[in-house]
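Student: Following is a predicted model, sequence given first.
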Amino acid sequence: MKDNPIMRLAVRWNIPFMLIFALYTQTHGELGPGGGFQSGVIVAAAFVLYGLVFGGAEMRRVVPRWFTDLLGAVGVLIYAGAGVYAMAMGYEFLDHAALMPSNPGGAEPWGMTVVEYGVGITVFGVMMTIFNEITEGTNPEDNEPTDDSADTEYGS
Amino acid sequence: MELIRHNLPALIVVTPLVMGLLTSIIGRRGLGWWMAMATTAAGLAMSVQLLVDVLSQGDRTVEYLMGNWPVPFGIGYSVDPLNATVLLIVSLLSAVITLYARKSVASEVPAGKLNFFYALWLFCITGLLGITITGDAFNLYVLLEISSLSTYTLVALGKERNRRALTAAVNYVVLGSIGACFYLVGVAYLYMATGSLNIADIAERLQPIYASWGTEAPIYQKTVITGFAFMAVGLSLKLALFPLHGWLPNAYTYAPSSVSALLASTATKVGAYAFIRVVFTLMGVGFAFGRLHTDVALMLCSGAAILVGSWLAIRQNNVKKLLAYSSIAQIGYIALGFALANKDGITASVIHLFNHALTKGGMFLALGVVMYRVGGTRLQDLRGLGRKLPLTMGAFTAGGLGLIGVPLTSGFISKWYLVSACLEQGRYELAGIVLVGSVLALVYVWRVVETIYFGKREDEVTVREAPASMLVPTLILVGASIYFGVDSSFTTHLAGEAADFLLKVKP
């Protein structure tokens, strides 16, 4: 598919808008449909689209596997970290008032923001891991070079 | 210290979760095991402290509010003697089996996956501890899925030794998902009727609903009954109660040895705990047993589980599978205990949760040694091992005596309470089934023991005794199961507290 100029152009033009829309869903989740989960999926969709057209190996050159695998755990750690921070400050687990003790009501949105970014990062990481697993084959120990036929399967 | 103590109910679940995530990132090579070991040891310390805290309270409960949201709105964790005991079982067994796991896992799981193995191991423990401690019906579902999803993967990791682990895992995925779904549907029906997800709150809001059923205008009668039916069937699948046990034998047989031990000694126990919680705290005995007569169905299923499970165990040639079928029978004893719904019955149930976890855990660990040293767990692999692995096989035999229920083993204590509970209810036929089950257990244990001590090996291979890191945990578990058979005051005291709490007897 990477030889098709229309596809290449469409993908190149679409990906920035998808990323911006993902950022919008991430930050405006409370106003419209959205939130961390959806934004993570949209970011991942942008990269998956890139991978579908230019091939999985090319996509893994842009976002390496170790990076997306790492993000899957980092996001949950951010979520849990917000809770552990509250505990360390003498509040209950996930009591976001710990972020701003003078204004507990105002702290809640900040806490939720942190949590939502954690969710977004994890969802992005896991979606990418799933896509990598499908395109790369199931065994990460396989050190065989990725043959091109695996990537052009999506093409013709 | 005060900070930790106040947050214990949350920490007990959050610690393995966070450590599991860290393990998946940095736990490569040997580090993964060290992190898992430190976490489970800390978990054991925390659950002991929690148990002490609970028993020192006047009303025998410790409450914790997640994010400080009041209870019907937020998630509340509530600890009482019953789940404090199950927490102790899960964290004790997970700590001892993790101690054992290092060499066994290294020989059965590819080295590049060890960090993910121990991450999943910790997630599984997170889920099991969470199911036990949570006071929220929906949160219970979430944690059930955390533990189940990691268990499916752990079972599938047995594929390096035997490809059938993959089919066993898929089979488990399908049935486990159906079970979890049914539970979730049940929660949804109850939410429809009561508008609440907190277990204690639902129980309170169900009272006026129950009261309306005898009158002209019954409200939500079909909804509540349907909800309970879904929950009961879903949880029965999870605890592998006969005839919903289909996933269990292969999953236990083809999983890596340490995973089999962890699953056999904790996963089904937690399922049984969830069932007890739903029947006694959520729905109430008066509804579940009094009105719907679920106890009759439970007695039928558990009686059949004891007989059929033991019978099928006799016919197995793979000793791991034999123990798996024996587990189905033992789950029958546990279910039979709480189906009787009197103090002795529940005491027997809770004691058997504890004793069977120790006994079966120890036996699976002994089999793990056989797998490590000999490379298989079929009956012919065990031939004549009595002289080559005297300590391991001695532990296996002592565990087998516990399964039969020989006096001075912990199995005897559980069966004693169970039989006296049956007799108290005038259920002589059930007492008979328990005794027949013991005789059948004698047959399947004897088949193995005979092979171990009197079988002749054709191939005179040199088999050395297990390494100390595997031998010590095996001996700890089997030793504990003997100890609690000789001096059962600790277990009977705990189980009695739990039974009093469930039957609402004031301490």
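Tutor: Alright, I've got the coordinates. Numbers count the residues shown, from 1 in each chain, chains lettered A, B, ... in the order given.
Student: Can you name the residues that contact residue B:143?
Tutor: B:13, B:126-128, B:130-131, B:134 (C-beta atoms under 8 Å, 6 or more residues apart in numbering or on different chains). Heads up, the C-betas are built off the backbone N, CA and C, glycines and all.
Student: Enumerate the residues of the stretch 1-150 of chain B near chain A.
Tutor: With C-beta under 8 Å from any C-beta of the partner chain as the criterion, the stretch 1-150 of chain B meets chain A at residues B:3, B:7, B:10-11, B:14, B:17-18, B:21-22, B:24-25, B:64-68, B:110, B:112.
Student: repeat that with 7 Å
Tutor: Residues of the stretch 1-150 of chain B that fall close to chain A, judged by C-beta under 7 Å from any C-beta of the partner chain: B:3, B:7, B:10, B:14, B:17-18, B:21, B:24-25, B:65-68, B:110, B:112.
Student: Looking at these, which are in helices?
Tutor: Of the residues of the stretch 1-150 of chain B next to chain A, the ones assigned to helices by DSSP state H are B:3, B:10, B:14, B:17-18, B:21, B:24-25.
Student: still on that earlier bit, report the buried members of the residues of the stretch 1-150 of chain B next to chain A.
Tutor: Neighbour-count burial (16 or more other C-beta atoms under 10 Å in any protein chain shown) applied to the residues of the stretch 1-150 of chain B next to chain A gives B:7, B:10, B:14, B:17-18, B:21, B:24-25, B:65-68.
Student: Export the residues you listed as a markdown table, with columns for distance to residue B:374 and pLDDT.
Tutor: Formatted as a markdown table, those follow (distance: C-beta to C-beta, whole Å; pLDDT from 0 to 100):
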| residue | distance to residue B:374 | pLDDT |
| --- | --- | --- |
| B:7 | 46 | 86 |
| B:10 | 44 | 89 |
| B:14 | 40 | 92 |
| B:17 | 37 | 93 |
| B:18 | 38 | 92 |
| B:21 | 36 | 91 |
| B:24 | 32 | 88 |
| B:25 | 36 | 87 |
| B:65 | 52 | 88 |
| B:66 | 48 | 85 |
| B:67 | 52 | 81 |
| B:68 | 55 | 82 |
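Student: Distance to residue A:20 for the residues you listed - can I get that in a markdown table?
Tutor: Formatted as a markdown table, those follow (distance: C-beta to C-beta, whole Å):
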| residue | distance to residue A:20 |
| --- | --- |
| B:7 | 40 |
| B:10 | 38 |
| B:14 | 35 |
| B:17 | 33 |
| B:18 | 33 |
| B:21 | 30 |
| B:24 | 31 |
| B:25 | 30 |
| B:65 | 39 |
| B:66 | 35 |
| B:67 | 32 |
| B:68 | 36 |
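Student: Residue B:77 pairs with what?
Tutor: Beta bridges link residue B:77 to residue B:64, residue B:134, judged by DSSP bridges.
Student: For it, give me its contacts.
Tutor: For residue B:77, the contact set (C-beta atoms under 7 Å, 6 or more residues apart in numbering or on different chains) comprises B:9-10, B:64, B:66, B:133-135.
Student: centre of the chain versus the lengthiest helix in chain A, how much separation?
Tutor: Looking across chain A with DSSP H, the single longest helix is helix A:104-136. Chain-centre distance of helix A:104-136: 6 Å, with C-alpha atoms, centre = their mean, to the nearest Å.
Student: Quick check: which helices or strands does it pack against?
Tutor: Applying 3 or more C-beta pairs under 7 Å, 6 or more residues apart in numbering or on different chains; DSSP states H and E, one finds that helix A:104-136 contacts helix A:36-54, helix A:56-62, helix A:65-88.
Student: farthest-separated two in the ones in helices among the residues of the stretch 1-150 of chain B next to chain A?
Tutor: Greatest spatial distance in those: B:3 and B:24, 27.3 Å, computed using C-beta to C-beta.
Student: And the helices in the stretch 1-150 of chain B?
Tutor: Per DSSP state H, counting those that start in this stretch, the stretch 1-150 of chain B carries helices over the ranges B:2-6, B:8-26, B:31-56, B:81-108, B:114-133, B:137-156.
Student: what does chain B have sitting close to chain A?
Tutor: Applying C-beta under 7 Å from any C-beta, one finds that chain B approaches chain A through B:3, B:7, B:10, B:14, B:17-18, B:21, B:24-25, B:65-68, B:110, B:112.
Student: Nearest to residue B:455, out of those: which one, please.
Tutor: For the residues of chain B next to chain A, the nearest to residue B:455 is residue B:110 (32.9 Å; C-beta to C-beta).
Student: pLDDT score for that closest one?
Tutor: We have a pLDDT of 84 for residue B:110.
Student: Next: the one 5 residues further on.
Tutor: We have a pLDDT of 87 for residue B:115.
Student: how about it, what does it touch?
Tutor: By C-beta under 7 Å, 6+ apart, the contact set of residue B:115 is B:23-24, B:27-28, B:32.
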